[in-house]
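**Q** Sequence and predicted model, in that order:
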Amino acid sequence: MAQNGGGKGWKTDPETGVQVMPDSWKKLLEWLLQGPERFPSTQKAWASENNIHEDSIRRIKRDPRFIREWDKRAAELNVNPERVQSVVDALWVRASEGDTKAAALYLQYVEKFTPTRRVVVNDDRDVASMSDSELADELEAEISTLRAVS
């Protein structure tokens with residue numbers, strides 16, 4: 001017969017003083033974190049398979065302690081480099097097929113890894129004191145330098 005989870009079973013670790021969730025809750029959390037590929041695929045089927053009443057699962061999922069651990073574990077899982085890379089790869093495929101929204105998101109992502117150029121001008125002269133011809137000469141010299149670099 002299925003049993004009601006009801007929050008019983010939390011223990012305090014004597015060494016750390018941290019509350020530890022019951023094993024059945026840990027098992028539920030692991031199942032929830034598997035995402036769409038989890039088996040069994042429904043909460044009702046999981047409850048039946050694990051001899052827990054399905055209403056208990058709803059109560060467990062509302063427990064603040066469970067929610068904290070679930071949020072923490074999901075955040076760790078979602079920043080997993082393999083997951084991020086698979087999303088970036090999918091964006092690139094869609095962008096290369098002409099999807100402009102995907103292209104914008106992809107470029108926004110890769111911009112984080114693109115080195116930025118910093119232009120430093122070391123000129124003690126005040127531009128306001130230069131004549132028009134001096135200013136034109138300086139600009140031409142800078143343009144020639146930039147063309148040579150690129």
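**A** Yep, that arrived.

**Q** thought residue 109 was touching residue 88?
**A** Yes: Residue 109 sits in contact with residue 88 when judged by Cβ atoms under 8 Å, with a separation of 6.1 Å. In short, each C-beta sits where N, CA and C put it, glycine included.

**Q** Closest to the centroid, which residue in the chain?
**A** Centroid-nearest residue in the chain: residue 79, 4.3 Å away (criterion: Cα atoms, centre = their mean).

**Q** Quick check: that residue vs residue 102, distance?
**A** 21 Å (Cβ to Cβ, to the nearest Å).

**Q** which element is residue 94 on?
**A** helix 81-96 (DSSP states H and E).

**Q** now the helix or strand that that helix is followed by: how far from the chain's centre is it?
**A** Sequence order places helix 100-110 as the next helix or strand after helix 81-96, per DSSP H and E. In terms of Cα atoms, centre = their mean, to the nearest Å, the centre of helix 100-110 is found 16 Å from the chain centre.

**Q** Okay, buried residues for helix 100-110 please.
**A** 102, 103, 105, 106 (16 or more other Cβ atoms under 10 Å).

**Q** With stretch 50-64 instead?
**A** Buried residues in stretch 50-64, counted by 16+ other Cβ under 10 Å: 50, 52, 53, 56, 57, 60, 63.

**Q** Same question for stretch 32-46.
**A** 32, 43, 46.

**Q** mind giving me the domain ranges of this structure?
**A** Following automatic domain parsing, the chain resolves into domains at 11-78, 81-113.

**Q** now those in CSV, with mean pLDDT and distance to residue 149?
**A** Below are the domains of the chain laid out as CSV (pLDDT from 0 to 100; distance: least, Cβ to Cβ, whole Å):
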stretch, mean pLDDT, distance to residue 149
domain 11-78, 90, 41
domain 81-113, 88, 21
